[in-house]
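Student: Would you be able to build a 3D model of this:
(2 chains)
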Number of protein chains: 2
Amino acid sequence: MSLSLNQWTTRRWTVTQAVDGCVRHGLEAVGLWREKVAEEGLARSVKLVREAGLRVSSLCRGGFLTAGGLPGEEGRRAFAQALDDNRRAVDEAAELEAACLVMVVGGLPGVKPGEPLPETATGSGSTTGSVAPAGFSRNLAGARERVAEALAELAPYAGERGVKLALEPLHPIYCPDRAVLSTLGQALDLSLPYPEEQVGVVVDTFHVWWDPRLFEDIARAGRRIASYQVCDYLHPLPQDILLGRGMMGDGVIDFRPITRAVLAAGYAGDVEVEIFNADIWAADPDQVVATMKSRYEDVVLARP
Amino acid sequence: MSLSLNQWTTRRWTVTQAVDGCVRHGLEAVGLWREKVAEEGLARSVKLVREAGLRVSSLCRGGFLTAGGLPGEEGRRAFAQALDDNRRAVDEAAELEAACLVMVVGGLPGVKPGEPLPETATGSGSTTGSVAPAGFSRNLAGARERVAEALAELAPYAGERGVKLALEPLHPIYCPDRAVLSTLGQALDLSLPYPEEQVGVVVDTFHVWWDPRLFEDIARAGRRIASYQVCDYLHPLPQDILLGRGMMGDGVIDFRPITRAVLAAGYAGDVEVEIFNADIWAADPDQVVATMKSRYEDVVLARP
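Tutor: So this is what the prediction gives:
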């Protein structure tokens, strides 16, 4: 296993700066984000990572497939748009020769990430599983079915282009608005109908550390593990729960048993550090990378 | 199934006021809290509920058993104190003829509910599963073992007194500081070695709505379901995540399928409404109970 910088950890850095930073700090891999690649230009991003000799450990991210759960024409259009966007993401991942395309599948239809719910029509039938009048749906089972349907469309497309879709279960706090995939076991079950070169799963310590079935499901996942991402789980969480990710060692996660299990499952890819954290984003990116390297050695790596 | 007021929903009310309120609103059952019972006096609380003809649908709460994971004498003392306190809780539940004693099992050893972590000694071996120098432990598996050990002590004690311990899985957001029991399946597995009159599980919609195995585990739980508690899951969560519980219909939960599954599993007890919410606590308790009743009819009850 080798350490990789997910570029969102040093969010201020462009692709050029992140690639230079990886080289300067002796890293062999980088995890890229589509927004940043678009800013830099896809062709130039490809050239940068090739010339630097870096592996692209992941491209973040595809997904947001559940809007198709809205009714009628709106739902059909949203689903078609999501599929189109994901095909573009697959194409980009193919160009970058990324080890996988990370998929954050989306929350309840009509619930926007981090935003208040649309006004609900309480007590007027809004909890029947059908869509609430005000534009969102509480039909969680239905949203999960939409994800499976989308995967049936996207997996062969990805397979033809040599891209592996990596289904990322997110911590259940993000179930309303970001991902109806909430456990590793659930993500794994969704991946099983497809060849393991087409669909895998992400083990991100922040999202799965609490799961009582974690070690069983890591073992069960085996070679389906497409990406191992690490960061700590802060306590208490900050007001913006999206930013509750911390540098390894600053939170409550005991990393070594998880690392050991991921290794034992047969994972031989890079270990990406992906941290969303206001303080870390405000800090000097070179200092962040230096701290990340030492914490990786001290806290994450499981030596025999 | 019959509606019950968990008295923390009308937090300002004493036991006397809660009992009067239930009678005034035609409810047949009340869920009591130990703090409130202690304020009123146990004997007087017993007399009040008997004279009013109310069932006590639950007593909240025992638990906080994981402090025993601290090392040495401190851990042994904490574990012994927790067992003593839980035996008192069982005795109180027996006096009140409560349908169950709700058990919130506790978080990581040394992590205090809602408080910042003790200063951590990052990178100095604090993640080896042993206790960090500054007084908390990241050993989640060990904390879960402490719960099982405590249960082996408490279940027979409860059984002799005709009290059922109800293990409550809490949403994974509370894993660091309140409950290392994070899923219904995990709670159920922990209950299985004991007779179902001694140890059951709580299904609280707020805590379990997101769980991909929810319906499977409700069915598997069957008669082990000792309590069905309802309230909604607000989105976004407020800054104090403990207060993210909302009146049914105000959040993202689709209640009817869950109610239907709990009924189909054979649950025939009361349905408690337990809401921690600053706005609801500030409102007129009689209005809260009236709203609770109408929302229960409109949103929670699953009619054929």
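Student: where are the low-confidence patches of the stretch 1-150 of chain A?
Tutor: Applying pLDDT under 70 to the stretch 1-150 of chain A flags the ranges A:120-134.
Student: Stretch A:280-292 close to chain B?
Tutor: No. Using C-beta under 8 Å from any C-beta of the partner chain, stretch A:280-292 never reaches chain B; the gap is at least 9.4 Å. From N, CA and C alone the C-beta is placed, and that goes for glycine too.
Student: Okay, helices next: where are they in chain A?
Tutor: For chain A, the helices defined by DSSP state H cover A:15-24, A:34-40, A:42-52, A:72-96, A:140-160, A:184-191, A:205-208, A:214-221, A:255-264, A:278-282, A:285-295.
Student: For A:Val230, find the nearest of those helices.
Tutor: Closest of the helices of chain A to A:Val230 is helix A:205-208, at 4.9 Å (criterion: C-beta to C-beta).
Student: Can you name every helix or strand that that closest one contacts?
Tutor: On a contact count with 3 or more C-beta pairs under 8 Å, 6 or more residues apart in numbering or on different chains; DSSP states H and E, helix A:205-208 meets strand A:225-230, strand A:232-233, helix A:255-264.
Student: Quick one: closest of those to A:Gln287.
Tutor: Nearest to A:Gln287 among those is strand A:232-233 (17.4 Å), distances taken as C-beta to C-beta.
Student: That closest one pairs with which strands?
Tutor: strand A:245-246 (antiparallel) (DSSP bridges).
Student: what's the strand it pairs with in contact with?
Tutor: Contact partners of strand A:245-246, identified using C-beta atoms under 8 Å, 6 or more residues apart in numbering or on different chains, comprise A:206, A:231-234, A:274-277.
Student: Name the member of those with the most neighbours.
Tutor: A:Cys231 (30 neighbours; other C-beta atoms under 10 Å in any protein chain shown).
Student: and that residue, what does it touch?
Tutor: Contacts of A:Cys231 by C-beta under 8 Å, 6+ apart are A:9, A:204-206, A:245-248, A:273-275.
Student: what's the answer for A:Arg213, then?
Tutor: Counting by C-beta under 8 Å, 6+ apart, A:Arg213 touches A:183-185, B:183, B:185.
Student: Let's see that with 7 Å instead.
Tutor: A:Gly185 (C-beta atoms under 7 Å, 6 or more residues apart in numbering or on different chains).
Student: swap in the one 4 residues further on?
Tutor: Remark: with contacts taken as C-beta under 7 Å, 6+ apart, A:Asp217 is in contact with A:184-185, A:188.
Student: want to throw the helices of chain A into TSV with distance to A:Lys112?
Tutor: Converted to TSV, these look like this (distance: least, C-beta to C-beta, whole Å):
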stretch	distance to A:Lys112
helix A:15-24	28
helix A:34-40	18
helix A:42-52	27
helix A:72-96	12
helix A:140-160	14
helix A:184-191	23
helix A:205-208	20
helix A:214-221	30
helix A:255-264	32
helix A:278-282	21
helix A:285-295	30
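Student: most tightly surrounded among these?
Tutor: helix A:205-208 (a mean of 25; mean count of other C-beta atoms under 10 Å in any protein chain shown).
Student: Send over that helix as PDB, restricted to the C-alpha atoms.
Tutor: C-alpha atoms of helix A:205-208 as PDB (Å, rounded to 0.1, in the frame of the first residue of the first chain):
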ATOM      1  CA  THR A 205     -12.800   5.000   7.600                       C
ATOM      2  CA  PHE A 206     -14.900   8.100   8.400                       C
ATOM      3  CA  HIS A 207     -18.000   6.500   7.000                       C
ATOM      4  CA  VAL A 208     -17.700   3.000   8.300                       C
END
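Student: For that helix, give me every contacting residue.
Tutor: With C-beta under 7 Å, 6+ apart as the criterion, helix A:205-208 contacts A:169-171, A:184, A:214, A:230-231, A:233, A:245, A:253, A:255, A:258.
Student: Closest one of the residues you listed to A:Val49?
Tutor: Nearest to A:Val49 among the contacts of helix A:205-208, counting by C-beta to C-beta, is A:Val230 at 21.4 Å.
Student: What count of nearby residues applies to that closest one?
Tutor: By the measure other C-beta under 10 Å, the count of residues near A:Val230 is 28.
Student: same check, this time on A:Asp250
Tutor: A:Asp250 has 22 nearby residues by other C-beta under 10 Å.
Student: Can you pull the phi/psi pair for it?
Tutor: Main-chain torsions, A:Asp250, degrees, to the nearest 10: phi -90, psi 0.
Student: Surely it is in contact with A:Asp232?
Tutor: Yes. If you go by C-beta atoms under 7 Å, A:Asp250 and A:Asp232 touch, sitting 5.1 Å apart.
Student: tilt between the longest strand along chain A and helix A:15-24?
Tutor: With DSSP state E setting the assignment, residue counts place strand A:55-63 as the longest strand in chain A. Interaxial angle, strand A:55-63 versus helix A:15-24 (axes from the mean of the first three to the mean of the last three C-alpha atoms, to 10 degrees): 140 degrees.
Student: Strand A:55-63 pairs with which strands, parallel or anti?
Tutor: Using DSSP bridges, strand A:55-63 pairs in its sheet with strand A:29-33 (parallel), strand A:101-104 (parallel).
Student: Which among those strands is found nearest to B:Glu35?
Tutor: strand A:101-104 (41.6 Å).
Student: want to try TSV for the contacts of helix A:205-208, with pLDDT as columns?
Tutor: Converted to TSV, these look like this (pLDDT from 0 to 100):
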residue	pLDDT
A:Pro169	98
A:Leu170	98
A:His171	98
A:Leu184	98
A:Leu214	98
A:Val230	98
A:Cys231	97
A:Tyr233	97
A:Arg245	97
A:Ile253	97
A:Phe255	97
A:Ile258	98
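Student: how far away is A:Cys231 from chain B?
Tutor: Here the criterion is C-beta to the nearest C-beta, to the nearest Å. By it, A:Cys231 lies 13 Å from chain B.
Student: Chain B contacts on the stretch 201-304 of chain A?
Tutor: A:210, A:212, A:235-237, A:239, A:241, A:249-250, A:252-257, A:294-295, A:298-299 (C-beta under 7 Å from any C-beta of the partner chain).
Student: hmm, try it at 6 Å
Tutor: Counting by C-beta under 6 Å from any C-beta of the partner chain, the stretch 201-304 of chain A comes close to chain B at A:210, A:212, A:235, A:239, A:249, A:252, A:254-255, A:298-299.
Student: sorry, back to before: B:Pro176 is nearest to which of the helices of chain A?
Tutor: Minimum separation from B:Pro176 across the helices of chain A (C-beta to C-beta) falls at helix A:205-208, 12.3 Å.
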